[in-house]
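In: can you look at this prediction? I've put the sequence above it.
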Amino acid sequence: MIDLKLEEQGQLQLLEREEDEEDDCFESIDKLITQGINSGDIKKLQDAGIYTCNGLMMQPRRFVLLSLTGIKGLSEAKVDKICEAAEKLVNMGYVTGSDLLLRRKAVVRITTGSQALDELLGGGIETLSITEAFGEFRSGKTQLAHTLCSTQLPIQMHGGNGKVAYIDTEGTFRPDRIVPIAERFGMDAGAVLDNIIYAPFQAPDRRFCDRTVPRGLLWAR
């Protein structure tokens, strides 16, 4: 019991470090105010769906100019100034191999519910990455997504000890299917369902995710 507890604490520390690193990776657009950009212009950026300096910097400059200069009060010169301010806040440079190794140590592998599939994946679904499952109709993709809601399992049971965001693009989420999965893992079905945040996805709008999915979640579909 002591070993499991120590192992769990160690993993939980890694999860906390992972969340801290995530916070370091994204600079809120609100920080532009420290670079001389007024709050009114920052509000206009947020209304346009831009919530991080990183998101602004990842767009081609020409695209940014075309999209933002159409907003009342944002001239080309002002947009250039905003981009320059964002560039100062975002670390777009290189990192050392040692830094990358530390990030890799923060990775948690979440069980798929199948030992054979876990072995094929090197231990399960990795955090800090995007995993895509594809196949023909009725090949088990949705069932896998339902089973991966077990990310909230304790660390010693190969879960992520976290919450779940299920973004349903096809209307296939069935809470009644979660119940037997939870019971299989010896978990309280009601508590598991309460730990799942569900949202139907109806429009291809990135702002939907920015505004509705809490940060720090380990799995989303």
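Out: Done, it's in.

In: and for Val64, the neighbour number?
Out: 19 (other CB atoms under 10 Å). Using the backbone N, CA and C atoms, a C-beta is placed for each residue, glycine as well.

In: quick check: it touching Leu56?
Out: Yes. If you go by CB atoms under 8 Å, Val64 and Leu56 touch, sitting 6.7 Å apart.

In: who touches both of those two?
Out: Taking CB atoms under 8 Å, 6 or more residues apart in numbering as the criterion, Val64 and Leu56 both touch Cys83.

In: now Glu87: how far from Phe63?
Out: With distances taken as CB to CB, to the nearest Å, Glu87 is found 16 Å from Phe63.

In: over to Ile71?
Out: The value you get for Ile71 to Phe63, if CB to CB is used, is 14 Å.

In: equivalent analysis for Ile110, please.
Out: 36 Å.

In: repeat for Gly122
Out: 37 Å.

In: likewise Thr69?
Out: 11 Å.

In: repeat for Pro175
Out: Where Phe63 is concerned, Pro175 sits at a distance of 40 Å (CB to CB).

In: so which of those two has more stuff around it?
Out: A count of neighbours by other CB under 10 Å puts Pro175 above the other of Pro175 and Phe63, at 14 against 9.

In: from Ala189, how far out is the more buried one?
Out: For Pro175 relative to Ala189 (CB to CB), the value is 9 Å.

In: His158 now?
Out: With CB to CB as the criterion, His158 and Ala189 are 19 Å apart.
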